[in-house]
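# Requesting a structural model of the entry that follows:
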Amino acid sequence: MKWTIGLRNIKTGLAICLCVIIAALMRLEYPFYAAIATIISMENSVTNSFTAGKHRTMGTFVGAIVGAGFAMIEPGNAVYCALGVIVVIYVCNLLKWNKSISIGCIVFLAIMLNLQPGESPIFYGINRITDTLIGIAVAVIVNLVVFPPKHEADLEKARKAVAKRMADLFGQITTCREAVNLKSFRAELDCLVKYYQLCKEEFHLTRNLSESMDRIGEEIESYRHIYEHLVILQQLINEHRLLLLESDNEQVESLAAGYHSEEQRHNIEIVYAYHADWIYAELLKLGLPLPIKERGRLQAKAELKIS
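I've put the predicted structure just below:
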């Protein structure tokens, strides 16, 4: 259990504090709606905060317009509430604003059910839009200025971790013929992809990282292919470890020979060598450390071809 308070948690609290202060200074009648917009828009990246805010704004506009229209007929009417929600969902789907449907329905119902006697539905709807815009602006600014997410640092850290782990796993498989934990490596690879996507989407990082993002994307693609080949090597070792175990022990050789025909043994060794050679070449191209045993095997193989 982690007892530390995350930065996003702290930023959310700070954003709410600023939002309530701004609402008081502007004398907003319902600061609750601005605070809700701030919470919803506080995401793990600046771009995601902006995107969440954009969806909320679009939904708020639809909900406010439809809500004002139905409230001018009869606010609080159960049948109109049902019909209005149907209209909001239909309009959002028509405009392909699917992620704005929920907030659109909430704003519509807020106008229909919270409107006070004598209060203008249009004025109430404009206030809800204003509240939303203020809350979104506070969330995006706080996320950008206060402890901005260091996704580029996380990306570099994840790249180094994945590269080292991948080289270690390859060495362990080819040198010791041992089964390794590829599930945890897959989790690390997925984490790397997540940080890559966050950096790629962050509009304030795009200019600085544009030159290297394509190269990093190609690197990640290579990692994915290496992982697939490692899975195959792992399966071969699980099923034919005795045969693939390079040893001078005559008992091991006799057991392997008795379990497989000569043709089967030859085919298995060819398949294993193909995937091992492919990973070796890819690691060499990426400039990653290579197992000494594999270097010796590939060198001997190259010398044999020359001779």
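# Residue 30 is in contact with residue 131, isn't it?
Yes. With contacts counted by CB atoms under 8 Å, residue 30 reaches residue 131, the gap being 6.3 Å. (Each C-beta comes from the backbone N, C-alpha and C, glycine too.)
# Those two - which one has more neighbours?
Neighbour totals were compared for residue 30 and residue 131, and residue 131 leads with 26 against 15 (other CB atoms under 10 Å).
# Does the more buried one touch residue 22 like I think?
No. The pair residue 131 and residue 22 fails to qualify as a contact (CB under 8 Å) at a distance of 10.5 Å.
# any shared contact partners between these two?
Residues touching both residue 131 and residue 22 (CB atoms under 8 Å, 6 or more residues apart in numbering): residue 34.
# Using the three-state scheme, assign residue 290.
Secondary structure, DSSP: H, G, I helix; E, B strand; the rest coil: residue 290 is coil.
# And the nearest residue to it once chain neighbours are set aside, how far from residue 275?
Nearest residue to residue 290 in three dimensions, chain neighbours excluded: residue 283, at 5.7 Å (CB to CB, 6 or more residues apart in numbering). Going from residue 283 to residue 275 by CB to CB, to the nearest Å gives 13 Å.
# How about residue 26?
With CB to CB as the criterion, residue 26 and residue 275 are 65 Å apart.
# Compare those two and say which is more crowded by neighbours.
Legend: neighbour count by other CB under 10 Å for residue 26 and residue 275, higher for residue 275 (20 against 13).
# isn't the more buried one right up against residue 228?
No. The criterion here is CB under 8 Å, and residue 275 misses it with residue 228 at 9.2 Å.
# In terms of helices and strands, where is the residue nearest to residue 33 when sequence neighbours are not counted?
In space, not counting the residues next to it along the chain, residue 33 is nearest to residue 131; the distance is 3.9 Å by CB to CB, 6+ apart. Element membership for residue 131, per DSSP states H and E: helix 121-145.
# Tell me the gap between that helix and the middle of its chain.
Distance, stretch centre to chain centre, for helix 121-145: 27 Å (CA atoms, centre = their mean, to the nearest Å).
# before we move on, the earlier item: let me know whether the residue nearest to residue 290 touches residue 170 as I believe.
Yes. Between residue 283 and residue 170 there is a contact under CB under 8 Å: 6.6 Å.
# Residues in contact with both of these two, list them for me.
Common neighbours of residue 283 and residue 170, counting by CB under 8 Å, 6+ apart, are residue 226.
# any chance you could map the helices in the stretch 201-307 of the chain?
With DSSP state H, counting those that start in this stretch as the criterion, the stretch 201-307 of the chain has helices at 206-244, 250-259, 262-286, 292-306.
# Now the weakest link among those helices, please, by mean pLDDT.
Per-stretch mean pLDDT for those is lowest at helix 250-259 (a mean of 50).
# before we move on, the earlier item: list the contacts for the residue nearest to residue 33?
Here residue 131 is in contact with 23, 28, 30-31, 33-34, 37 (criterion: CB under 8 Å, 6+ apart).
# Can you give me the separation between the residue nearest in space to the middle of the chain and residue 177?
When CA atoms, centre = their mean is applied to the chain, the residue found nearest the centroid is residue 194 (3.6 Å). When distance is defined by CB to CB, residue 194 is 33 Å away from residue 177.
# and what of residue 76?
Counting by CB to CB - residue 76 and residue 177 are separated by 74 Å.
# So these two - more neighbours on which side?
Neighbour totals were compared for residue 76 and residue 177, and residue 177 leads with 19 against 11 (other CB under 10 Å).
# what about stretch 111-119, how long is it end to end?
This stretch, stretch 111-119, spans 10 Å end to end (CA to CA, to the nearest Å).
# Let me see the mean pLDDT of the helix holding residue 131.
The predicted model assigns helix 121-145 a mean pLDDT of 89.
# Now do the buried residues in the helix or strand that that helix is followed by.
As assigned by DSSP H and E, the chain's next helix or strand after helix 121-145 is helix 151-176. Buried residues in helix 151-176, defined by neighbour count with 16 or more other CB atoms under 10 Å: 151-152, 154-155, 158-159, 162-163, 165-167, 169-171, 173-174.
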